[in-house]
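**Student:** Everything below, folded, please.
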Amino acid sequence: MTSRHYLASIGATVLGAFAGLMFACNKAEAAEKIVVDIAWPIQASIGVDDLAAFAETGETTKTLRQALGFSKVNSDTVRGLMTLELGVDIVKLSNALYSKTGENVTNKVAEIITTPSYYESGKALRGALILAGADDGKISVLEVLENYPTQQMFIRVSQIQQLVERVNEVIDELKGLIEE
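**Tutor:** Residues are numbered from 1 along each chain as shown. Alright, predicted model coming up:
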């Protein structure tokens with residue numbers, strides 16, 4: 001084995017160990033609650049498990065019904081968006097997300113979906129997207145929520161329609177970046 005192959009092998013091993021550590025750490029810190037700003041200063045907390053049940057079965061909790069009602073977005077649209085899967089090559093996705101265009105797009109979405117402190121929301125979203133696609137080469141909004149790297153994520157419900165539009169734009173732009 002040449003020294004070049006040996007170094008590549010070590011690099012791959014270190015990268016694999018790091019990815020495994022990130023996955024293990026992520027599961028402990030994954031979003032459990034989505035805090036939605038219904039109308040300032042009113043906020044409501046929705047469990048990610050409740051959103052997963054809604055996406056799979058259409059069942060809603062009282063809080064989720066209220067949030068959907070306030071957002072004026074059709075619940076079937078939200079449900080369809082949450083389960084829509086996009087097949088991705090994880091390396092191309094990562095490269096696209098960390099390009100200038102990818103950072104701009106995720107930062108725009110991160111104005112609506114934020115960390116509890118509103119700090120580094122774009123990075124948190126990029127991390128969730130990468131983690132969502134890492135296990136099976138597919139991402140969905142539900143998987144991104146389940147892989148968000150903080151225990152809570154904040155969503156401005158009054159801007160859900162804008163979020164739906166931005167997510168569609170992100171999907172279109174990511175397809176363009178990934179296919180290049």
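**Student:** Could you grab the helix/strand/coil label for D136?
**Tutor:** Here D136 is coil, with the state taken from DSSP: H, G, I helix; E, B strand; the rest coil.
**Student:** The spatially most central residue of the chain: what secondary structure?
**Tutor:** Residue closest to the average C-alpha location in the chain (CA atoms, centre = their mean): V144, at 2.8 Å. Put simply, V144 is helix when judged by three-state DSSP.
**Student:** Quick one: residues contacting it.
**Tutor:** Contacts were defined as CB atoms under 8 Å, 6 or more residues apart in numbering; by that measure V144 touches 125, 128-129, 132. Yep, even glycine has a C-beta here, placed from its N, CA and C like the rest.
**Student:** Is Y118 in a helix, a strand, or coil?
**Tutor:** Taking three-state DSSP as the rule, one finds Y118 in the coil state.
**Student:** ok, it - contacts?
**Tutor:** Y118 makes contact with F154, according to CB under 8 Å, 6+ apart.
**Student:** switch to 10 Å and redo it
**Tutor:** For Y118, the contacting residues are 110-111, 154, by CB atoms under 10 Å, 6 or more residues apart in numbering.
**Student:** got it, and V36?
**Tutor:** Contact analysis of V36 by CB under 10 Å, 6+ apart lists 42-46, 63-64, 66-68, 70-71, 153-158, 160.
**Student:** Show me which residues of stretch 76-83 are buried.
**Tutor:** For stretch 76-83, the neighbour count (16 or more other CB atoms under 10 Å) marks 78-79, 81-82 as buried.
**Student:** average model confidence for that stretch?
**Tutor:** For stretch 76-83, mean pLDDT rounds to 86.
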